[in-house]
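Chemist: Return atomic coordinates for the entry below.
(one chain, ligands or ions: 2)
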Amino acid sequence: MIANLPVIDLSDLSQYNSTKLAQAASKTGVVLLKNHFLTQKDIKALVLLAKQFFDLPPDIKETHKITKENYGYIGPFVENLDIHSATGVGDAKEAFNITNFNLCTFKPQQPLPSVFKDNLVFLSLCLRKYYVLLHTVCRMLAIGLNIKDSKGLPNHEYFVDAHALDLKSHSTLRFVHYPEPDKVDGSSVSSAGAHTDYGSMTFVLGTNQGLQIFDGNEWLDVEVPTQKDGSPFLVLNIADVLNFWTNGYLKSAIHRVRATQERYAIVFFCHPGDGVLLNPVNSKIVKEFKGNRFDIDNNGYTLTALEHLYLCLRRTYKDKNDS
Ligand SMILES: O=C(O)CCC(=O)C(=O)O
Ligand SMILES: [Fe+2]
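Modeler: Ligands and ions are numbered 1, 2, ... in the order given. Modelled structure (predicted):
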């Protein structure tokens, strides 16, 4: 079955539209975004870069193997997104993470294969656009949740400040390749197992269908319609940190990928500043929320965003000591 996802227009930051976004994000945690700043040309060029990189011979890709800082190449079956999976086989996909980039120039600072190095200006422009996008969604969520400061005045910049450009963060641009299922050993395993994302929110673009979300009852296909200019809507997944910040009100989207054809995805994982605490925000909507609240109070100790990320990464990589 196809998921019936709400569409949110990012050019409208009115209270009405922002409330609509917050309410939509409190259902399955997945929303389609329009007017998202990435042009059709940007998207085509990002997908082309992904194809060029993943077409390289495996030994060249392996020279950029994932590091402890979480940047670089992740080969097939190295990552296991579904930590509860019975087989533990891991995910049939390969990926490349750009994690270390300067939040002033938006220039990646990690060693890069020439496919990416030759396109640094373009990549920096895309990273900058992803941050504009992130800050826009942050502002709308703060308006939608009616976040207040300590004096009780509206604080629409609360989430923007948590993702300020002068804070070191682990936001990551990830290129993903899902091979055609019958070309993979053990093709019956999922291309990316069921999971929630570890940061605050994630933006997803994909070439073919395959992304599925869990609505609490069943798995639903995410079908991404095309906008008037021919470019796709962007999929917004709410992730763990926003779920913690809202005490469970905003849902960390449970999703997986079952690719029936070869698929490329461009995924931007947003993370707040490393030292930002995962405390619930000052919002009446959050305080009055009666659903599944999250116990993030670890014996009186509140985790920081980076501590939470490292806990998740340790669970995800099968080969954790080998980088
Ligand atoms: O390929 C996709 O659509 C999503 C990938 C994903 O969920 C992830 O890498 O965390
Ligand atoms: Fe994900």
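
Chemist: How about residue 291, nearest residue that isn't a chain neighbour?
Modeler: residue 248 (5.7 Å; C-beta to C-beta, 6 or more residues apart in numbering). Using the backbone N, CA and C atoms, a C-beta is placed for each residue, glycine as well.

Chemist: what number of residues lie near the one you found?
Modeler: Residues lying near residue 248 (other C-beta atoms under 10 Å) number 19.

Chemist: Would you mind confirming that it makes contact with residue 290?
Modeler: No - Residue 248 sits out of contact with residue 290 when judged by C-beta atoms under 8 Å, with a separation of 9.7 Å.

Chemist: Just the buried positions in stretch 259-273, please.
Modeler: Going by neighbour count (16 or more other C-beta atoms under 10 Å), the buried part of stretch 259-273 is 259, 262-273.

Chemist: could the residues you listed go into a markdown table alongside secondary structure, distance to residue 138 and pLDDT?
Modeler: Listed next are these as a markdown table, based on DSSP: H, G, I helix; E, B strand; the rest coil; distance: C-beta to C-beta, whole Å; pLDDT from 0 to 100:
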| residue | secondary structure | distance to residue 138 | pLDDT |
| --- | --- | --- | --- |
| 259 | coil | 31 | 87 |
| 262 | coil | 34 | 91 |
| 263 | strand | 29 | 93 |
| 264 | strand | 27 | 96 |
| 265 | strand | 23 | 97 |
| 266 | strand | 20 | 98 |
| 267 | strand | 18 | 98 |
| 268 | strand | 14 | 98 |
| 269 | strand | 15 | 98 |
| 270 | strand | 9 | 98 |
| 271 | coil | 12 | 97 |
| 272 | coil | 9 | 98 |
| 273 | strand | 13 | 97 |
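
Chemist: Going by distance to residue 49, which of those residues wins?
Modeler: residue 266 (8.8 Å; C-beta to C-beta).

Chemist: Quick check: bridge partners of the closest one?
Modeler: residue 175, residue 205 (DSSP bridges).

Chemist: separation between the closest residue to ligand 1 within the chain and residue 94?
Modeler: Among all residues of the chain, residue 265 sits closest to ligand 1, at 3.3 Å; criterion: C-beta to the nearest ligand atom. For residue 265, the distance to residue 94 equals 11 Å [C-beta to C-beta, to the nearest Å].

Chemist: Spit out the residues that contact the two alike.
Modeler: residue 176 (C-beta atoms under 8 Å, 6 or more residues apart in numbering).

Chemist: Leaving out the residues flanking it, which one is nearest to the residue nearest the centre of the chain?
Modeler: By C-alpha atoms, centre = their mean, the chain has its centre lying nearest to residue 202, at 2.3 Å. Taking C-beta to C-beta, 6+ apart, and ignoring the residues beside it in sequence, residue 202 has residue 237 as its nearest neighbour in space, at 4.3 Å.
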